[in-house]
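In: Predicted model, plus sequence, below.
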4 protein chains.
Amino acid sequence: MLVPEIAKLGHVSLVTPDLQKSLWFFKEVLGLEEIERAGGAVYLRACGEFEHHSLVLKQGDRAVVDHIGWRAKRAEDVEKFAVQLEAAGTKIQWIEAGREAGQGKAIQFKLPSQHTFEIYYEVEKPKAPQGERSGLKNQTHKSWARGISPRRIDHVNLWTSHDPGSVHQWLSEQLGFKMREYVKLNNGKVIGGWMSVTQLVHDVAMMGAHDPETPARFHHIAYWLDNAQDVLRALDILRENGIQIDLGPAKHGISQAVCAYVRDPGSGHRVELFSNGYLIFDPDWEPVEWGQEEFGVALQWWGPEYTPGHGHAMDETTEA
Amino acid sequence: MLVPEIAKLGHVSLVTPDLQKSLWFFKEVLGLEEIERAGGAVYLRACGEFEHHSLVLKQGDRAVVDHIGWRAKRAEDVEKFAVQLEAAGTKIQWIEAGREAGQGKAIQFKLPSQHTFEIYYEVEKPKAPQGERSGLKNQTHKSWARGISPRRIDHVNLWTSHDPGSVHQWLSEQLGFKMREYVKLNNGKVIGGWMSVTQLVHDVAMMGAHDPETPARFHHIAYWLDNAQDVLRALDILRENGIQIDLGPAKHGISQAVCAYVRDPGSGHRVELFSNGYLIFDPDWEPVEWGQEEFGVALQWWGPEYTPGHGHAMDETTEA
Amino acid sequence: MLVPEIAKLGHVSLVTPDLQKSLWFFKEVLGLEEIERAGGAVYLRACGEFEHHSLVLKQGDRAVVDHIGWRAKRAEDVEKFAVQLEAAGTKIQWIEAGREAGQGKAIQFKLPSQHTFEIYYEVEKPKAPQGERSGLKNQTHKSWARGISPRRIDHVNLWTSHDPGSVHQWLSEQLGFKMREYVKLNNGKVIGGWMSVTQLVHDVAMMGAHDPETPARFHHIAYWLDNAQDVLRALDILRENGIQIDLGPAKHGISQAVCAYVRDPGSGHRVELFSNGYLIFDPDWEPVEWGQEEFGVALQWWGPEYTPGHGHAMDETTEA
Amino acid sequence: MLVPEIAKLGHVSLVTPDLQKSLWFFKEVLGLEEIERAGGAVYLRACGEFEHHSLVLKQGDRAVVDHIGWRAKRAEDVEKFAVQLEAAGTKIQWIEAGREAGQGKAIQFKLPSQHTFEIYYEVEKPKAPQGERSGLKNQTHKSWARGISPRRIDHVNLWTSHDPGSVHQWLSEQLGFKMREYVKLNNGKVIGGWMSVTQLVHDVAMMGAHDPETPARFHHIAYWLDNAQDVLRALDILRENGIQIDLGPAKHGISQAVCAYVRDPGSGHRVELFSNGYLIFDPDWEPVEWGQEEFGVALQWWGPEYTPGHGHAMDETTEA
């Protein structure tokens, strides 16, 4: 019997204390498309996405991540993951079909780091409304319709006050994430790992957090742009709209992405604009280890210096 | 037992009637790195590649494709593919380890279209020489060292005077390629298919050929650049070096790639400079069908018009 | 006494048979800002322009250029040009202040090619409305607010069935335009000249026309974009909006501009999206001569081939 | 009689304590072309420059600027400037023709800030050697031949412990520089001015220095690249070559340039890679004033924060 597999990062569900402002940011500034409003939640996706949503926004008391949704590779994998996770001692909560708009039944569970993951398979693929539909049959919405206009969701970056290495191991053993690059201190401790189930360098990064108040922290959701120049254009748009830029443009050593980080002014949740980078096709890819002395290059190949844990805007995270 | 799988396009082995000129083109103009010379062959790779080579050049009487090499997902898959292919009536030729530099044992066989494919797993991953090594641990050679400087091989485009649809079916059933996009005439005939084993839109395209002299034709090998602007810079470099540009810059509808096509002046084999485009993560991706009336958009979303079969430079192919 | 001088191309005034469609194109697709409507005319400018308008659109029976406006270097130069032109036998028509919104008094006159030029000095510099104003003090409107979003007007390209060489001479002697690059046939005839009063390679190009019906033809108005990548993005936007692309992307030999040509669907007047290129600071710049055999490179360094006069979409012009 | 005028920034002559390393940087990394060696000096220019040199490098005890050369608009302007400057009390030193390779006679003199300027008119325009010559007749050397490959010199940035405002006034009155943008503190003191004789926002910036040891300091020479993406590519090249990056990529508010700053490892003289920005054609351009509270935006529209005078790498200057 095939082991269950995750196909891709599906969506992130965020709670915001100011839904109107968050919607302005994600729709008008970032340029996502609203697909549906249901049950107090707004479902959004990028112009290159076929599935129903890659972002869910809900009004709430404070900024927090509701869950991070992963799409399974096969319909039967949801049930298989449930069985497998429960067997390993992870408590599963079933989410009935339709409770999240456009989605079939799902399971939710907590990582050892207390981040809430969701796994589902069934998802609607609504067409864009006539007039907003791309002239390209391999794309849903028109390119460049509004704001920054990214192509698709790329990854999530999570922080934990837990030992990150043990969470990496759990992600690998339970969910099949492969380690692609990681940072290891001289004391042997791995403080950050970039992992994927796809050929991206990472679908999820799990990093050591500086804030131990809540164990599960959310650093950012990333959206993909086709060109580094598109990230520079995004910065112009953000500045014209008075949005806080935390860092960038920069090129990471890890992943080789050209990027910039901004905060949704409605919630404080951070978004990374992400381009370039590389893909991993080699089946025997050896995880790239960056040592303590290489940490600077690992973080920024070029761009503004940033050392985590010294009060930089990039150190702030939201609750996950 | 797991079915054997192909992980990725590994390399293309080309015969050229003018090895010196081809080496000048691929090394000085395109900017590939020479890794080894052995047995009359020169092994080259791009700056972002870890495996031993993605291009092999050999002197010969005339321009022809020796074979197209695919890396298997697991070591045991080479043997498994051999068994499976032979069971299905395909003749297998074993290539002993080391006959191609840096490679372990391999099998070669012909597609119904008579194109020669090779499958192997073992491959060396030599470091770049000190002084040419990238400062990035996730890259081998320095970026932008010379010429166009692409990151990696992307795909091959093959033409056949055979019925392309039947070759697509064979590629799917025997090798596990998934159809991602295709063009279908009003008479129901599929005249081109873009297929992949990776999350790229295509690792191989198989198209209907206009030249029936040899059934197996080679249209191009593609190398990847990170930005559309890098394709424009490549065109400057090509023109300054007097290289024939067949078409571009253009943006395909199919794959959404920004691209340009040029010919190695030593052999006439064509190279595509390839950027942008989209990736496929959806496990239930429905192949995108382009009808006869949509063929123009499918070929070129923007850029020079080109209708195959009317004497355009793009209609010329080499023997495969 | 100082001779009168032209400082810059100020604006182009176009008549369109479908003002609504032209406004949709120039505002929503191209992304110009509407500054004022007065006397049946709509005044538009780009986000980086301080002066009142760079484009005027008026409803009319057919697509025609009303006039091309040039801003003088000094207030007194308008009167000086009037005197000088009349002395040389050119008929002058005075336009009273305010007849064109935002402008002071002006003179209009016809070139030997029958194109109507206007010279003025006084012009209002309205601020952008609060909320649409750029956060940059050296720019008026927000960048990237809508559509293609060029920075500024760049140049005009005019065609004449008259001898172009004699018009070049007139532009030089009467208005101070300097020849920067030109194309000369083997028979000694100059068939195109790129001329400027600024440090741009050209503020105006005057080319030999193939259509002798009206002597004065209009080929295009050009708007400037900061990056070649912005031209590629423009093409995406144009295609998503179903706008006819006549040619591009291409890089001219002459001027070294990366460009694309499109037609306003309301009028058929052509717009060039224009970036890159070079500036001329050398006070003793020798005009670059391109011979008949160099014409191909002069027109297109790379990009689609185009030979004028063979029925290409680029041969079509509007009345000027 | 016409007043004498400066046409353009011609060249910068730099003394370096390690000529070999500086040549490696400027030729191999930056990608300038060596035109001539004479009298212990090496003369270099960029691929888009026709005049003999835009950079002169000489071996010396310590890093210092020998002079900054400006090309006059007319041959007779050199003599006229000499007369006018001496009349105003500035001591003139005549440099005989040929003492700087490729140049005719020149005058040198010191600004009130003690920076040494040179004015000349005659200059050779050598062709590039066959084989290195561009296929474009309006360019000298092949594009992208080596390293970063900028198009042309852009401007110089000078610092003075003198009152910058008085130096601005002198530059305006004696040499005809126009103020384009400036920064004014709440106490009324102008601490930086961006001035030009061309349509660039600045050919020279004169800023208040923090280091009072020598009154004349040199902050950087800038070279122009056609696209913002080319600046990002430059950063990759710099990092691969181990060159110190002081700041960038960033987009200045003033001038709107996308840029990065690096130091020649042979001398410590700083080079700015410079693209985008805007041009000034308006004859009545009103200098843009940035107040003390707007200083942040004026310096960096986006990119790393930098406040002068707090020990940042950007505060370091060389002697001028």
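Out: Cool, the structure landed.
In: All the helices of chain A, in order from the start?
Out: A:19-23, A:77-87, A:164-175, A:228-240, A:295-299 (DSSP state H).
In: and of these, who's closest to chain D?
Out: helix A:228-240 (4.2 Å; CB to the nearest CB). All C-beta atoms are positioned from the backbone trio N, CA, C, and that covers glycine.
In: wait, A:V258 sits on A:V231?
Out: Yes: between A:V258 and A:V231 there is a contact under CB atoms under 8 Å: 5.5 Å.
In: So those two - more neighbours on which side?
Out: A:V258 (32 against 28; other CB atoms under 10 Å in any protein chain shown).
In: what about the nearest residue to A:R71 once chain neighbours are set aside, how many residues close to it?
Out: Spatial nearest neighbour of A:R71, chain neighbours left out: A:G10 (4.1 Å); criterion: CB to CB, 6 or more residues apart in numbering or on different chains. Using other CB under 10 Å, the number of residues around A:G10 comes to 26.
In: name the helices or strands packed onto the worst-scoring helix or strand of chain A on mean pLDDT?
Out: Least confident helix or strand of chain A, by mean pLDDT, DSSP states H and E, is helix A:295-299 with a mean of 93. Counting contacts by 3 or more CB pairs under 8 Å, 6 or more residues apart in numbering or on different chains; DSSP states H and E, helix A:295-299 is packed against strand A:178-184.
In: relative to helix A:164-175, how tilted is the strand it packs on?
Out: 180 degrees (axes from the mean of the first three to the mean of the last three CA atoms, to 10 degrees).
In: Give me the distance from strand A:178-184 to the chain's centre.
Out: 17 Å (CA atoms, centre = their mean, to the nearest Å).
In: before we move on, back to that, mutual contacts of A:V258 and A:V231, please.
Out: Residues touching both A:V258 and A:V231 by CB atoms under 8 Å, 6 or more residues apart in numbering or on different chains: A:249, A:274-275.
In: ranking those residues by neighbours, who comes first?
Out: Ranking the shared contacts of A:V258 and A:V231 using other CB under 10 Å puts A:P249 first, with 31 neighbours.
In: Test my guess that that one contacts A:A257.
Out: No: taking contacts as CB under 8 Å, A:P249 lies outside contact range of A:A257: 10.5 Å.
In: Output the least confident helix or strand of chain A as CSV, restricted to C-alpha atoms.
Out: These are the backbone C-alpha positions of helix A:295-299, laid out as CSV (Å, rounded to 0.1, in the frame of the first residue of the first chain):
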residue,chain,number,x,y,z
PHE,A,295,24.9,32.1,8.7
GLY,A,296,25.3,35.6,7.2
VAL,A,297,25.6,34.3,3.7
ALA,A,298,22.9,31.8,4.3
LEU,A,299,20.5,34.5,5.3
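In: Quick check: buried residues in that helix?
Out: Across helix A:295-299, burial judged by 16 or more other CB atoms under 10 Å in any protein chain shown covers A:295, A:297-299.
In: Now do the same contact list for A:D264.
Out: Contacts of A:D264 (CB under 8 Å, 6+ apart): A:16, A:21-22, A:25-26, A:270-271.
In: try 6 Å this time
Out: A:22, A:25 (CB atoms under 6 Å, 6 or more residues apart in numbering or on different chains).
In: Give me the phi and psi angles of it.
Out: phi -60, psi 120 (degrees, to the nearest 10).
In: A:Y43 is nearest to which of the helices of chain A?
Out: Of all those, it is helix A:19-23 that lies closest to A:Y43, at 11.4 Å by CB to CB.
In: returning to what we had before: nearest to D:G303, of the buried residues of helix A:295-299?
Out: Checking the buried residues of helix A:295-299 one by one against D:G303 (CB to CB), the nearest turns out to be A:L299, at 16.6 Å.
In: Any chance of the backbone angles for A:S267?
Out: Torsion angles, degrees, to the nearest 10, at A:S267: phi -130, psi -20.
In: Surely it touches A:R62?
Out: No: the criterion here is CB atoms under 6 Å, and A:S267 misses it with A:R62 at 8.7 Å.
In: Looking at the two, which one has more neighbours?
Out: A:S267 (23 against 11).
In: what about the closest residue to that one other than its chain neighbours, how many residues close to it?
Out: Leaving aside its sequence neighbours, A:S267 sits nearest to A:T16 (CB to CB, 6+ apart; 3.6 Å). Look at A:T16: counted by other CB under 10 Å, it has 26 neighbours.
In: again with A:E289
Out: 14.
In: before we move on, what about A:S13?
Out: 20.
In: what's the distance between it and A:W94?
Out: Noted for A:S13: a distance of 16 Å to A:W94, by CB to CB, to the nearest Å.
In: try A:K21
Out: 33 Å.
In: Mind putting the shared contacts of A:V258 and A:V231 into JSON lines with distance to B:E36 and pLDDT?
Out: Formatted as JSON lines, the shared contacts of A:V258 and A:V231 follow (distance: CB to CB, whole Å; pLDDT from 0 to 100):
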{"residue": "A:P249", "distance to B:E36": "38", "pLDDT": "98"}
{"residue": "A:F274", "distance to B:E36": "36", "pLDDT": "98"}
{"residue": "A:S275", "distance to B:E36": "34", "pLDDT": "98"}
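In: Let's have those residues in a markdown table, adding distance to C:D226.
Out: As requested, these are arranged in a markdown table below (distance: CB to CB, whole Å):
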| residue | distance to C:D226 |
| --- | --- |
| A:P249 | 15 |
| A:F274 | 22 |
| A:S275 | 18 |
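In: Inside strands: which ones of those?
Out: Those of those mapping onto strands are A:249, A:274-275, per DSSP state E.
In: Can you tell me which residues in the stretch 51-200 of chain A are near chain B?
Out: A:73, A:136-138, A:198-199 (CB under 6 Å from any CB of the partner chain).
In: can you give me the strands for the stretch 201-320 of chain A?
Out: A:204-208, A:216-224, A:245-251, A:257-263, A:270-276, A:288-290, A:318-319 (DSSP state E, counting those that start in this stretch).
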